[in-house]
Structure formats: structure tokens, C-alpha cells
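**Student:** Fold the following.
(chains A, B, C and D)
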There are 2 protein chains.
Amino acid sequence: MRNGSKRETIIETAATMADEKGFANITMKELADELGIKSPSLYKHFSGGLDELNKEIMLYGWRSLDSKITKAVIGKAKDDAVIALCNAYRRFVSEHKGLYEAMQWYNMYLSDEHLQASEGAVDIMFRALSSYDLTEEQKVHTVRMIRAFLQGFSTIEAHGAYGNPVSLDDTFDFALKTILNGIADMQGGASR
Amino acid sequence: MRNGSKRETIIETAATMADEKGFANITMKELADELGIKSPSLYKHFSGGLDELNKEIMLYGWRSLDSKITKAVIGKAKDDAVIALCNAYRRFVSEHKGLYEAMQWYNMYLSDEHLQASEGAVDIMFRALSSYDLTEEQKVHTVRMIRAFLQGFSTIEAHGAYGNPVSLDDTFDFALKTILNGIADMQGGASR
DNA sequence: TCGATTAAGCTAATTGCATTAGCTATTATA
DNA sequence: TATAATAGCTAATGCAATTAGCTTAATCGA
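**Tutor:** Down below sits the predicted model:
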């Protein structure tokens, strides 16, 4: 078996478990059971215990998200790219609620490593904005706004906390349109 | 001593502890120590244990936020009201990171109760939008978008996960302006 | 005013999970 | 092939949540 292959398998198993049972319910015992080993054996792979494991789940999550949104924007530019990216993000969260919890969660006390982890996604957003005629600062604002919106929307949606019956798809499109209009208004100085 | 007065004191103490040490670090033992009692005694006030306590912290948080943003919009209308509300929300989170974690956190597995809890904040947002000339559906979209943005921005900011040195205040203003422009563009059909 | 009830606290005991210590078999390697 | 590293195991420890059962003080109805 190659280098970290078993380690990677464990992380993937844990990520799947997170999606199935919720991130908060991942325990050394359950994960070990799932893998057919005893929980102390997990320490042979993750000497840092649950903390290290959780951190790896988080990193794995961000790598997966990176890969999804990267694929989503290939061959697209401007509004098309932004829309594709946002949809891919939203879809990822809806398909990986537990994993996304891990990605958020670790947020809460590992700023440095999390910063690096989410940098990839931010980078892709920047690239997606590259073909617009914006200053660097405007791009930073725009990326931050998109990030905030995506994170907030996805989280609220994933928790079923949008009570109203009005279509969430419509809201998402509506918000994207609003953001894209905002970008359009900035372009150069006065276009549309 | 009146009815739930001690219960309320405990909840407030826990909320303060959450802000100081982080929500994840609230334990029955530490809370009891802080209150000068032994941890089993807490069960006299919260028979549901940590779960019930956490739920109460969450509800307390939403009540506090409601109250803050309600005050912030008093006597304001339209853009002024929206801006005041958003600033109040952002400030609340920055001053109560731990409590806000609780508010998010419980999100994760108590949809019903959380729904009711956050309803107050949503309601105030709706009122703030009442003086615009928008359809009900447009209002729903707008409130959802604002909620998503506020939650995402505040969370990312609170975790220090916005890496760039560009001013966060500027980003916040920028985003608000974008959202308000979006509202303006919808009004009636074509105003600005 | 007096006995009964309730409230709020305490100590002791239980349970479950994370983690550590120390042992063993298997694999890879010098 | 002898040896070092790998990956697993069982047993033991420690800590937090929770439950059981006891005690004291306040409250309340007759």
C-alpha cells in the first residue's frame, strides 16, 4: 500500500459518516467500527487524535469543494462563470451537509489552517472575476460578498431554516442577479 | 426570588462564558463552578441537561439580537432602516462571538425551535422593507438575501477568515450598497 | 402556628468516550 | 535473514455528563 493511502481512506470514511450522521456525531468508536478496527488503532494513523482527524476532514472538504467549483467554471467567463461557481458551491453543500459542517466548524478554532484551506476556493472566485473590468479592491469586495452570501445561504438552506414556502431556487437566482447587477454597475464607471 | 429568575441568571452566565471561552468549551462543570455550585445541581434547573441548557442559550441569543436590531431600526425607514439593521447585526456578532456560535450551532439539529427563535429577526427585516414598493415575493427574496449575507459575512469575519488586508468596513458598505441598488432597481419597475 | 411539600443543593455512583500504555504479528528492508 | 517499522489489539486511566438518593430550608395550607 502506498504512502498515506490508508489515512486517506479513513478520512473519506469519516467524511461520508459526517454526511450520514452529522459531523457532531463522529466519534472515534463509531469511525473505528465502520472501518472494522478498534478505536485505539486510529491513533496509529492520527496521533493527534480526534482533533487531528477533524482537521483533516475539514481540509479534505475544502479540497473537494475546490475541485468541484474549479470544474464548474472551466471554459466559462464573466456572469456565466460566477453563476456556475455559485451553483456548484450550493450544490456541494446540499450534497455534503455534514462535511460542510466540518468545514465551518473547524473554522471556529483553527484560523490559520482554515485560512489556507479555503484560500483555494477564494482563488477560483478571483479568477472567475478576472475578465471583468474591476479594480483589485473592487474584486476583493465582490469576492467577499459572494463568499458571505454563499456561505450564509447554503448554511441556512442546509439547516432548513428558511421557513417560507417561496422557492429557494428563485431566491438564489434573484440574489445572483442582484450581485451581478452590482458588478455591472461598477464596470468602468457607467455602462448599463 | 421570582419565578425563573435563577434560571435566567444561569443562562446569562452561560452566554457570557460562551463569549469568553467559546461555546464549545461550555461544560456543566465549568458553568457550575462559575455559579459556585456543583454540576449535578444544574439539573434542578435544567432537567434536560446540557441539551436543554444549550437550547436556552440559543433562544436567549436570538432574543438579544431581536432586541438590538429592533432598537436599531426605530424611527428609520427604507435604506436607512436596512443599513441600521445590518450594522446592528454585524456589531452584535462581533460582540458576542460565542453566543452567536450557540445561535448557529443549535441550528444544526433543532430546526423547529430554531425556526421560531430566528423568526423575530426575520420579522424585523420584513418590517424594515415594508416602505419599499415591492411585491411580497420580492420581499421574501430580499430578506433571504440579506439574512444570508449577514450570516455569512459575520461568521467569516468573526472567525478571522477574511485574509486580505482590504478594509472589512468597506466591504460591508459595498455589499450593502449593492443590495440596496438591487432593491432600487426593482421598485415599481424602473426608477433610478 | 405546625406539619407537609417543594426547591435547591450535595455526595456517591454510573456510563461513555478519548486517550495512553504496553504487547504482538506482519511487513518491509538493510 | 535479522531487524525495524507498521498497524492492530487489550487493558487501564481520566474526564464530563448524568442519575440516584439524601438533606436542609423555605413555603404553604389548614
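
**Student:** hey, which helix is longest across chain A?
**Tutor:** For chain A, the helix that runs over the most residues, judged by DSSP state H, is helix A:49-73.

**Student:** Does anything pack onto the helix or strand just after it? Which helices or strands?
**Tutor:** Sequence-wise, the next helix or strand downstream of helix A:49-73 (DSSP states H and E) is helix A:78-95. Under the contact definition 3 or more C-beta pairs under 8 Å, 6 or more residues apart in numbering or on different chains; DSSP states H and E, helix A:78-95 sits against helix A:49-73, helix A:111-129, helix A:136-158, helix A:168-186. To be clear about C-beta, it is placed using only N, CA and C from the backbone, and glycine gets the same treatment.

**Student:** for the second one, packing partners?
**Tutor:** Counting contacts by 3+ C-beta pairs under 8 Å, 6+ apart, helix A:111-129 packs against helix A:49-73, helix A:78-95, helix A:97-107, helix A:136-158.

**Student:** Give me the residue at the spatial middle of chain A.
**Tutor:** For chain A, the residue lying nearest the average C-alpha position, counting by C-alpha atoms, centre = their mean, turns out to be A:Leu65 (4.9 Å).

**Student:** which residues sit in contact with that one?
**Tutor:** The contact partners of A:Leu65, by C-beta atoms under 8 Å, 6 or more residues apart in numbering or on different chains, come to A:Tyr89, A:Phe92, A:Met103, A:Ala121.

**Student:** now swap in A:Ala117 and tell me
**Tutor:** A:Ala117 is in contact with A:Met58, A:Leu59, A:Trp62, A:Arg63, A:Met103, counting by C-beta under 8 Å, 6+ apart.

**Student:** now do A:Glu52
**Tutor:** So A:Glu52 contacts A:Phe46 (C-beta under 8 Å, 6+ apart).

**Student:** how far away is it from B:Ser64?
**Tutor:** In this view, A:Glu52 and B:Ser64 are 36 Å apart by C-beta to C-beta, to the nearest Å.

**Student:** anything in stretch A:155-163 near chain B?
**Tutor:** Yes. Counting by C-beta under 8 Å from any C-beta of the partner chain, contacts between stretch A:155-163 and chain B involve A:Thr155, A:Ile156, A:His159, A:Gly160, A:Ala161, A:Tyr162, A:Gly163.

**Student:** Go through these and give me the one with the most neighbours.
**Tutor:** The most crowded member of these, judged by other C-beta atoms under 10 Å in any protein chain shown, is A:Thr155 (22 neighbours).

**Student:** In terms of pLDDT, where does it sit?
**Tutor:** At A:Thr155 the predicted local distance difference test score is 95.

**Student:** can you tell if whichever strand or helix holds A:Thr16 touches DNA strand D?
**Tutor:** Taking DSSP H and E as the definition, A:Thr16 sits inside helix A:5-21. Yes. Helix A:5-21 reaches DNA strand D (C-beta under 7 Å from any atom of the strand) through A:Lys6.

**Student:** Who are the packing partners of that helix?
**Tutor:** For helix A:5-21, the packing partners by 3+ C-beta pairs under 8 Å, 6+ apart are helix A:28-35, helix A:49-73, helix A:97-107.

**Student:** And that helix, what's buried?
**Tutor:** A:Ile10, A:Ile11, A:Ala14, A:Ala15, A:Met17, A:Ala18, A:Asp19 (16 or more other C-beta atoms under 10 Å in any protein chain shown).

**Student:** quick one: is that helix near DNA strand C?
**Tutor:** No. Under the criterion of C-beta under 7 Å from any atom of the strand, helix A:5-21 makes no contact with DNA strand C; the nearest approach is 11.2 Å.

**Student:** The closest residue to DNA strand C within chain A: how many residues sit nearby?
**Tutor:** When you check chain A against DNA strand C by C-beta to the nearest atom of the strand, the closest residue turns out to be A:Gly49, at 2.7 Å. Counted with other C-beta under 10 Å, the burial measure for A:Gly49 works out to 11 neighbours.
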